[in-house]
Every structure is written in structure tokens, then in C-alpha cells.
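Trainee: pasted the sequence and its predicted model underneath.
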Amino acid sequence: MSGHSKWATIKHKKAALDAKRGKLFTRIIKEITIAARSGGDPDGNPRLRTAITAAKAVSMPQDNIKKAIMRGTGELEGGQIDEIMFEGYGPGGAAVLVSVATDNRNRTVSEIRHIFSKNGGNLGEQGSVGWMFERKSQIVIEKEKATEDQLMNLVLEADAEDLRDSGDTWEVISDPNSHEPVLEAIQKANIETISAEVAMVPKNLMKLEGKNAQNMMKLSDALEEHDDVQNVYSNFDVDEQEVEAVA
């Protein structure tokens, strides 16, 4: 895989704006609720533990976290949320995965299909593009926050798999089971992160240019804006001027 997509890096930076709008809180609360279905004790539930770590990283109040867990375990009402992973293609043939958490499956399926078709993409069958991605811990750090040498020894000792140069950021890739120790090692070194998540990381990137690049970025944005969408993953990459043209 060549480096981390520039568009993906910009998406992570936009998380601060999402937090201001409350959207990031909503997404994390849904993730905590879903994760808690497998057990409300984070010590025995790695997915819940990761979700709580993400909640604390954006200063979510402890009461919000507790209520989300209780909805997931059934102690409070409101935990009826379906998880769906849509697979499809964007303009230029880029692969797209859309993770959704919804309380109205039929409505959401219709709306996601409409977003794809309106923006030059199309939904595919289950398994059509999922094989192009791997579930990995993905931690993104601005280069001004740490040098390559400083990060390399730190993350490899914590069992990370790779440190990738992604232009103005570093991308730390690990097995999902190593997410917490790698993130903890970075935090103990007082190095700020742009994002830290267990994500679907593309095995290879597809370069898009011109209209295909611009339309793919518009599709990604439109999907991200949908209230039920938790995450959008894609294998497309673009040059800086393409990003500026859309921005």
C-alpha cells in the first residue's frame, strides 16, 4: 500500500468540527451501545474498551458513556440499533465501505442507495469490495508532533506493524489487538494524535484525477453527512490540487 490517502487525512482533521456539531459524540455513543451488547464490562470486551477510549479522547462526560453502555446491555431503553456494512463503488471505480448504525433499516438502505446513485456511484453485493480492505488499528499523527526516529522505536516496541509516511502525517498501523498498547505508548510520550481507531484499511490505493476525483470526494462527504453513517472507508487517493479544487 502506498501512503495514507490525503483525503482520509483531511477527513480525520474534520473530526474537530464534527465534535463541535455534536456529530462525533452521536457516533461514539452508538458505537458504545452496540459494543456493550457483547457485555458491559470493558475489561472483557475489547470493542467496548476501544469505544470508551475514543469517548474519553473527545472529553465525553462519564454519564453519557454510562448511559450508552446501559442501553447496550438492556438496562435502559433505546439500544435497538442495527449495524450494516454497505459495499459499493464510487466514481472511477474506487471501492467504498460504509459502516452504518440505524434504528430504521429500510429507510437507511434507501437513503444510502440514493446518495451513491446521486453522486456517480453504485451499491454492490455483500463481499464485492470488502476483500480489498483489512481491519487494522490506524493511528494518524501530524509530522510536526513527532520525528520518524522518535515514533519508530516507540510504536514498534509496543507491537505496531508499520509506520507509514503519508505526506504531512505519520500513520501507525497495527493488529486490532495491539491498538490499546500502541496508543497508550504514544500518549505516554505526550504525542498528540489526529485520530486513533480500529478501521477498515485499504490494501492498495487507487489514484483518481479530474472529475472522478472531485466526484468521489463529494460522494465521501455526502455519505459522512448522513446521520446514521458511522464511518466511510475507501481506497481512493488524490493529489493536493484535487483536494483544493473541492475545498
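Mentor: Noted; the coordinates are in hand.

Trainee: so how far is the helix or strand hosting T108 off the chain centroid?
Mentor: Here T108, judged by DSSP states H and E, is contained in helix 105-118. Taking Cα atoms, centre = their mean, to the nearest Å, one finds helix 105-118 lying 20 Å from the centre of the chain it belongs to.

Trainee: which other residues reach it?
Mentor: Helix 105-118 is contacted from outside by 82, 84, 86, 88, 90, 96, 98, 100, 102, 122-123, 219, 222-223, 226, 228-229, using Cβ atoms under 8 Å, 6 or more residues apart in numbering. For the C-beta atoms, the positions are set from N, CA and C on the backbone; glycine is no exception.

Trainee: and the protein, what are its domain boundaries?
Mentor: 6-73, 82-131+204-238, 133-202 (automatic domain parsing).

Trainee: quick revisit: from the contacts of helix 105-118, which ones fall inside helices?
Mentor: 219, 222-223 (DSSP state H).

Trainee: from these, pick the one nearest I141.
Mentor: I141 has its nearest neighbour among the ones in helices among the contacts of helix 105-118 in L223, at 25.4 Å by Cβ to Cβ.

Trainee: OK, contacts around the closest one?
Mentor: So L223 contacts 96, 98, 112, 115, 229, 232 (Cβ under 8 Å, 6+ apart).

Trainee: out of these, who's nearest G72?
Mentor: V229 (19.4 Å).

Trainee: going C-terminal from the helix or strand of the chain with the lowest mean pLDDT, what's the next secondary structure element?
Mentor: The weakest-scoring helix or strand in the chain, judged by mean pLDDT, DSSP states H and E, is helix 15-21 (a mean of 56). The element immediately downstream of helix 15-21 (helix or strand, assigned by DSSP H and E) is helix 23-35.

Trainee: measure how far stretch 178-186 is from the centre of its chain, please.
Mentor: Distance of stretch 178-186 from its chain centroid, counting by Cα atoms, centre = their mean, is 17 Å.

Trainee: using PDB, list the CA coordinates for it.
Mentor: The C-alpha coordinates for stretch 178-186 follow below in PDB (Å, rounded to 0.1, in the frame of the first residue of the first chain):
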ATOM      1  CA  SER A 178      -2.500  -4.100  19.700                       C
ATOM      2  CA  HIS A 179      -4.500  -0.900  19.300                       C
ATOM      3  CA  GLU A 180      -4.600  -0.100  23.000                       C
ATOM      4  CA  PRO A 181      -0.900  -0.700  23.900                       C
ATOM      5  CA  VAL A 182       0.300   1.200  20.800                       C
ATOM      6  CA  LEU A 183      -2.000   4.200  21.500                       C
ATOM      7  CA  GLU A 184      -1.000   4.100  25.200                       C
ATOM      8  CA  ALA A 185       2.700   4.200  24.300                       C
ATOM      9  CA  ILE A 186       2.100   7.200  22.000                       C
END
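
Trainee: just the buried residues of it, please?
Mentor: For stretch 178-186, the neighbour count (16 or more other Cβ atoms under 10 Å) marks 178-183, 185-186 as buried.
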